[in-house]
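S.K.: Predicted model follows, preceded by the sequence.
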Amino acid sequence: MATLDEIYKHTDEKMQKALEATRNEFVAIRTGRASTGLVDRLLVEAYGASVPLKQVASVSTPDPRTLQITAFDKTTVGAIKKAIETSDLGLMPNIDGQHVRLQIPQLTEERRKDLVKVVHKKAEDGKIAIRNVRHKSIDEIKTLHKDHKVTEDEHKRGGEHVQKLTDKYIKEVDNLTAHKEKEIMEV
């Protein structure tokens, strides 16, 4: 049976992971600016296996509207091109020797609004994950109280502590959301 301190520690760790997952979801959302995070999730069919793009190429941003992918091995350029074309990025790759260039187009007002909705949905998913952690932690504290491992006061303080952690992480998700929304709406 876990102690209150262990429950707090696990709660904090799990909420941190939920926040990181939300942050990673946001990185993959295109903002009209070149970001190496856009292609982080791409898998390339190379050497008989499906491997992450980072294992077969380096990615850089020579200017705010261009992503440059440099293949480590020239034979993988075609596979990189295919991975980009079949992804949901909606970008057309330009091949130049060992380099694959992606021009990031300006976003239309309508597309910006759609992306903001996507950001809000992903933020809500992150908040739900955090609330689920809270719910589980509070149940664990209730079990400790029921089994007479903690006093009534410790039970009450434990619930308050978990709620403070929850509020802290929900606020962080809100801050991430506001920042990402501002980034998307920036022309």
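M.R.: It's in. Numbering: from 1, shown residues only.

S.K.: Let me see the backbone angles for the most centrally placed residue in the chain.
M.R.: Among the residues of the chain, the one closest to the centroid is Asn24, at 1.6 Å (Cα atoms, centre = their mean). Per-residue torsions, Asn24: phi -70, psi -40 (degrees, to the nearest 10).

S.K.: now it: how far from Ala123?
M.R.: Asn24 sits 13 Å away from Ala123, going by Cβ to Cβ, to the nearest Å. All C-beta spots, glycine's among them, are computed from the backbone N, C-alpha and C.

S.K.: Am I right that Ile69 is in a helix?
M.R.: No - Ile69 is assigned strand when assessed by DSSP: H, G, I helix; E, B strand; the rest coil, not a helix.

S.K.: which residues touch the residue lying closest to it once chain neighbours are set aside?
M.R.: In space, not counting the residues next to it along the chain, Ile69 is nearest to Val100; the distance is 4.3 Å by Cβ to Cβ, 6 or more residues apart in numbering. Shown in contact with Val100 (Cβ atoms under 8 Å, 6 or more residues apart in numbering): Ala57, Gln68, Ile69, Thr70, Ala71, Val77, Ile80, Lys81, Ile84, Pro93, Asn94.

S.K.: Just the buried ones among those, please.
M.R.: Buried subset of the contacts of Val100 (neighbour count, 16 or more other Cβ atoms under 10 Å): Ala57, Gln68, Ile69, Ala71, Val77, Ile80, Lys81, Ile84, Pro93.

S.K.: any idea which element the fifth one lies in?
M.R.: With elements taken from DSSP states H and E, the one containing Val77 is helix 77-86.

S.K.: Which residues does whichever helix or strand comes after that helix contact?
M.R.: Next helix or strand after helix 77-86 toward the C-terminus (DSSP H and E): strand 93-96. For strand 93-96, the external contacting residues (Cβ under 8 Å, 6+ apart) are Ile69, Val77, Ile80, Lys81, Ile84, Glu85, Val100, Arg101, Leu102, Gln103.

S.K.: likewise stretch 4-12?
M.R.: Contact with stretch 4-12 is made by 2, 133-134, 137, 140-141, 144, 150, 154, 158, 161-162, 165, as judged by Cβ under 8 Å, 6+ apart.

S.K.: which one among these gets closest to Pro52?
M.R.: Distance to Pro52, by Cβ to Cβ, is smallest for Val133 among the contacts of stretch 4-12, at 28.0 Å.

S.K.: Pull up the gap between Ile29 and Asp63, please.
M.R.: Plainly put, Ile29 is 20 Å away from Asp63 if you go by Cβ to Cβ.

S.K.: More neighbours: which of those two?
M.R.: Just comparing Ile29 and Asp63: by other Cβ atoms under 10 Å the higher neighbour count belongs to Ile29, 17 against 10.

S.K.: Mind checking what secondary structure the closest residue to Ala34 other than its chain neighbours has?
M.R.: In space, and not counting its chain neighbours, Ala34 is closest to Thr61: 4.3 Å by Cβ to Cβ, 6+ apart. Following three-state DSSP, we place Thr61 in the strand state.
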